[in-house]
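[1] Here you go, sequence then predicted model.
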Amino acid sequence: MADIIPLKRALISVSDKTGLIDHAKALAGLGAKLVSTGGTKTAIADAGIAVEDVSAVTGFPEMMDGRVKTLHPKVHGGLLALREDKEHAKAMKEHGIEGFDVLYVNLYPFEATVARGADFDTCIENIDIGGPAMIRAAAKNYGYVAVATDADDMAAILAEAKEHGGTSLALRKRLSAKAFARTGAYDAAISSWYADQLEDKAPTYRALGGKLRQSLRYGENPHQDAAFYVTGEQRYGVATAKQLQGKELSYNNLNDTDAAFELVAEFDPKQTAAVAIIKHANPCGVAEGGNLLEAYKRALECDPTSAFGGIVAVNRRLDKAAAEAMAEIFTEVVIAPEADEDAVAVFAKKKNLRLLVTGGLPNPGAPGLMIKTVAGGFLAQNRDNGRIGAADLKIVTKKKPSEAQIRDLIFAFKVAKHVKSNAIIYAKDGATVGIGAGQMSRVDSARVARLKAEDIAHTNGWTDPKTIGSVCASDAFFPFADGLLQAVQAGSTAVIQPGGSIRDDEVIKAADEAEIAMVFTGMRHFRH
């Protein structure tokens, strides 16, 4: 097996024709004979470049609306033949098969077709069959064939051929590995789409695929390697974000920023401005307001110490006033659907702050797939897109919550959905005033949230913590009355929880004795 393979013959069939003519000219300039199909062949010929139609190679015309054109021994034999094998060489000679040194194929745009909401039949027609077959054949035969699945691959092939007179074995191996990954991701997209279409919640095989967006310096810790891949899901957030300034995002930055933006998207920007401040994937302050500046100040007030070095997410176009307030303390990342030029200019003075704009907000009610790896496999579940409104609340106590309390209860429960369990949220007037996250006991979460609120009050010189007169949200039911009594001790006057404990009656009795209101949602929001 030779190291350097000259580019004598190339087969090109591309859906995305960006850069096609330049690549075809370069290949022809290196002495390669070009073979092509359909629209690709027409585009090359129209540019005045000599090209042979694949039908002239196979002796068969394209047929069945182009479904059958390259599925032929003279194509696949030219891609798969081991040229130094005597039997392979004999078969090539007997059947008039010529080898290909380069295959350039990018696939029908199935992922893009699904993303634009095309109907079932249109999506099916955009499933490429011949393309993946050729890519896999060429990739398997990397000893002789260089396979390109995108313009970057072609650029690498051409650069090496110009320098060395052909492609090296090392490059062909790298391209082979990438090609198999590309067809794997393509098949994963198809199978996932099909499972969704059939409403198959647990398909026998679950394939995952993604495209590298960014190699990261390291993972959660410096000794861990990491990278960011995008799946093609059309969901606004870190995958659609454009970074306007600041240093490279880290693994932890991306994880925390995603958590922040998903949380703030729970609040409709047409109804209210909202800000979420996140630290280590947990919110340390969330608030609504008449504008982003007001919402930010109220969110920051919940836990300004933890907010230092955190992530800020907003649900509206970022303006100058809010940006100036955010710039007053050290912040790692600010993410927004859009940003005013004046706001961008404010952050330009903070060289280390990353500013991301996404183009929109994710739909918190939309379906999606969540993946978590475990030893020997992975767990898959639907995204937690459950939401509750006033009509979903079941009042279980003698005392009924006021309309203002109901608004705060719903606000607090939205936040609890995005806090690591066990989660307890104290809220008042559309702002968090105490957050207890990730404790092993629900009563400890209630206590932590109360103590943090008391610390903030002491620091600010307030007479009372803001938990006095607050509402309390729990992401899951209170298994005993002790957690609820912690909320009462904190000053909460109304509680929202899923209900469903075998001791619900005991907890309701404790709420009645404390003369507070309590509502059940019937929906749990564990987040691990």
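    Great, that's in hand.

[2] which other helices and strands contact the biggest helix by length in the chain?
    Within the chain, and with DSSP state H defining each element, the longest helix by residue count is helix 169-197. Using 3 or more C-beta pairs under 8 Å, 6 or more residues apart in numbering; DSSP states H and E, the elements in contact with helix 169-197 are helix 110-115, helix 130-140, strand 146-148, helix 151-164. Quick note: C-beta positions are derived from backbone N, CA and C, even for glycine.

[3] highest average neighbour count across these?
    Burial of those is given as mean neighbour count (mean count of other C-beta atoms under 10 Å); strand 146-148 ranks first at a mean of 28.

[4] Neighbouring strands of it in the sheet, and parallel or not?
    Sheet pairing here is set by DSSP bridges, and for strand 146-148 it gives strand 102-106 (parallel).

[5] Just the C-alphas of the partner strand, formatted as PDB.
    Taking only C-alpha atoms (Å, rounded to 0.1, in the frame of the first residue of the first chain), the coordinates of strand 102-106 have been written out as PDB:
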ATOM      1  CA  VAL A 102     -11.000  10.900  -4.700                       C
ATOM      2  CA  LEU A 103     -14.600  10.800  -3.700                       C
ATOM      3  CA  TYR A 104     -16.300  14.100  -2.900                       C
ATOM      4  CA  VAL A 105     -19.900  13.600  -1.600                       C
ATOM      5  CA  ASN A 106     -22.000  15.700   0.700                       C
END
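
[6] who's in contact with Pro6?
    With contacts defined as C-beta atoms under 8 Å, 6 or more residues apart in numbering, Pro6 is in contact with Gly31, Asp101, Ala161, Gly165, Gly166.

[7] Ala133 now?
    Thr70, Leu71, His76.

[8] Hmm, the second one is touching Gly130, no?
    Spelled out, it's Leu71. Yes: taking C-beta atoms under 8 Å as the contact criterion, Leu71 and Gly130 are neighbours in contact, 5.6 Å apart.

[9] Quick one: end-to-end length of stretch 391-410, please.
    End-to-end span of stretch 391-410 (C-alpha to C-alpha, to the nearest Å): 11 Å.

[10] does Gly438 count as helix, strand or coil?
    Per DSSP: H, G, I helix; E, B strand; the rest coil, the secondary structure class of Gly438 is coil.

[11] how about the nearest residue to it, chain neighbours excluded?
    Counting by C-beta to C-beta, 6 or more residues apart in numbering, Lys420 is the residue found nearest to Gly438 once chain neighbours are left out, at 3.9 Å.

[12] Is it correct that the one you found is in contact with Arg527?
    Yes: here Lys420 lies in contact with Arg527, judged by C-beta under 8 Å, at a distance of 5.5 Å.

[13] could you pull out the strands for the stretch 251-400 of the chain?
    For the stretch 251-400 of the chain, the strands defined by DSSP state E, counting those that start in this stretch cover 273-279, 282-289, 310-314, 331-336, 354-357, 369-374, 377-382, 394-395.

[14] re earlier: most neighbours among the contacts of Ala133, which one?
    When those are compared by neighbour count (other C-beta atoms under 10 Å), Thr70 ends up highest, at 25 neighbours.

[15] returning to what we had before: could you report the neighbour count for the residue nearest to Gly438?
    Around Lys420 sit 19 other residues, with neighbours defined as other C-beta under 10 Å.

[16] for it, what are its contacts?
    Ala281, Asn282, Ala437, Gly438, Arg527, His528.
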